[in-house]
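Engineer: Okay, here's the prediction I keep looking at, along with the sequence it came from:
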Amino acid sequence: MKFKLQEYLHKDKIEAGCDEAGRGCLAGPVVAAAVILPRGFQHPLLNDSKQLTEKQRQKLRPIIEQEAIAWAVSIVDNNEVDEINVLNASITGMQRAVENLNEKPEHLLIDGNKFKPYKDILHTCIVKGDAKFMNIAAASILAKTHRDELMENYATEFPGYDWEKNKGYPTKAHRAAIEKLGITPLHRQSFKLLDTQLKLEL
């Protein structure tokens, strides 16, 4: 039987779920999302984006965007990732997404175990929250689909790295392309891009 996602942590508060995509990538941005769902929202497919197929995520994205009380996506580019590190990029991205919501939440549900207080809004970190709460699952789907779309567009600008398939993650094909073609302006130079580049490892 499928695990049922929880609708909220605090029934009496306007809650936004927050998540990000792309932390482990060698290239491209970290993309974060924040979503406030209406009470009673239900969809049989809604789940952690990693548990869904690309087709299922693409089906859910317009439903979430149309039915959410508020949603926002933010982008932290690879240069900023290099500058502030990927954990801070993830936190910054989620904070920016919250800032861009057209309704102010009273409480944030954060996927993962790290966050920094944002303004006067209370937050709760939830490990694997995208598989536990609807609004975090919805945020994970928006972050993932928006980022995938970006990387597919970048793949036409920088062909040869297989980004249309690997979305910037460290696959064998991606590393082989880096070795053959070198790096692009979208690669994270603070990351270990090749085994021989130990000095670049965080």
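Structural biologist: The structure has been received and is ready for your questions. In this text, all values refer to a predicted model and were calculated from it rather than measured experimentally. Residues are numbered from 1 along each chain as shown.
Engineer: CA only for contacts and neighbour counts going forward, please
Structural biologist: Noted.
Engineer: helix or strand right after the longest helix seen in the chain?
Structural biologist: Of all the segments assigned as helix in the chain under DSSP state H, the longest by residue count is helix 134-157. Sequence order places helix 163-166 as the next helix or strand after helix 134-157, per DSSP states H and E.
Engineer: Pull out the buried positions in the worst-scoring helix or strand of the chain on mean pLDDT.
Structural biologist: Least confident helix or strand, the chain: helix 172-181 with a mean of 95, by mean pLDDT, DSSP states H and E. Along helix 172-181, these residues count as buried under the neighbour rule (16 or more other Cα atoms under 10 Å): Ala173, His174, Arg175, Ala177, Ile178.
Engineer: Same list, those, but as JSON lines with distance to Glu67 please.
Structural biologist: As requested, the buried residues of helix 172-181 are arranged in JSON lines below (distance: Cα to Cα, whole Å):
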{"residue": "Ala173", "distance to Glu67": "38"}
{"residue": "His174", "distance to Glu67": "37"}
{"residue": "Arg175", "distance to Glu67": "40"}
{"residue": "Ala177", "distance to Glu67": "41"}
{"residue": "Ile178", "distance to Glu67": "41"}
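Engineer: Dump the longest helix of the chain to PDB, keeping only the CA atoms.
Structural biologist: Output of helix 134-157 as PDB, limited to C-alpha atoms (Å, rounded to 0.1, in the frame of the first residue of the first chain):
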ATOM      1  CA  MET A 134       2.300  17.000   0.100                       C
ATOM      2  CA  ASN A 135       3.700  20.600  -0.200                       C
ATOM      3  CA  ILE A 136       7.300  19.500  -0.100                       C
ATOM      4  CA  ALA A 137       6.600  16.800  -2.700                       C
ATOM      5  CA  ALA A 138       5.000  19.500  -4.900                       C
ATOM      6  CA  ALA A 139       8.000  21.700  -4.400                       C
ATOM      7  CA  SER A 140      10.300  18.800  -5.300                       C
ATOM      8  CA  ILE A 141       8.400  18.300  -8.600                       C
ATOM      9  CA  LEU A 142       8.500  22.000  -9.600                       C
ATOM     10  CA  ALA A 143      12.200  22.300  -8.700                       C
ATOM     11  CA  LYS A 144      13.000  19.100 -10.700                       C
ATOM     12  CA  THR A 145      10.900  19.900 -13.800                       C
ATOM     13  CA  HIS A 146      12.000  23.500 -14.000                       C
ATOM     14  CA  ARG A 147      15.700  22.500 -13.700                       C
ATOM     15  CA  ASP A 148      15.400  19.600 -16.200                       C
ATOM     16  CA  GLU A 149      13.900  22.100 -18.700                       C
ATOM     17  CA  LEU A 150      16.800  24.500 -18.200                       C
ATOM     18  CA  MET A 151      19.400  21.700 -18.700                       C
ATOM     19  CA  GLU A 152      17.700  20.500 -21.800                       C
ATOM     20  CA  ASN A 153      17.900  24.000 -23.200                       C
ATOM     21  CA  TYR A 154      21.600  24.300 -22.200                       C
ATOM     22  CA  ALA A 155      22.200  21.000 -23.900                       C
ATOM     23  CA  THR A 156      21.500  22.600 -27.300                       C
ATOM     24  CA  GLU A 157      23.900  25.500 -26.400                       C
END
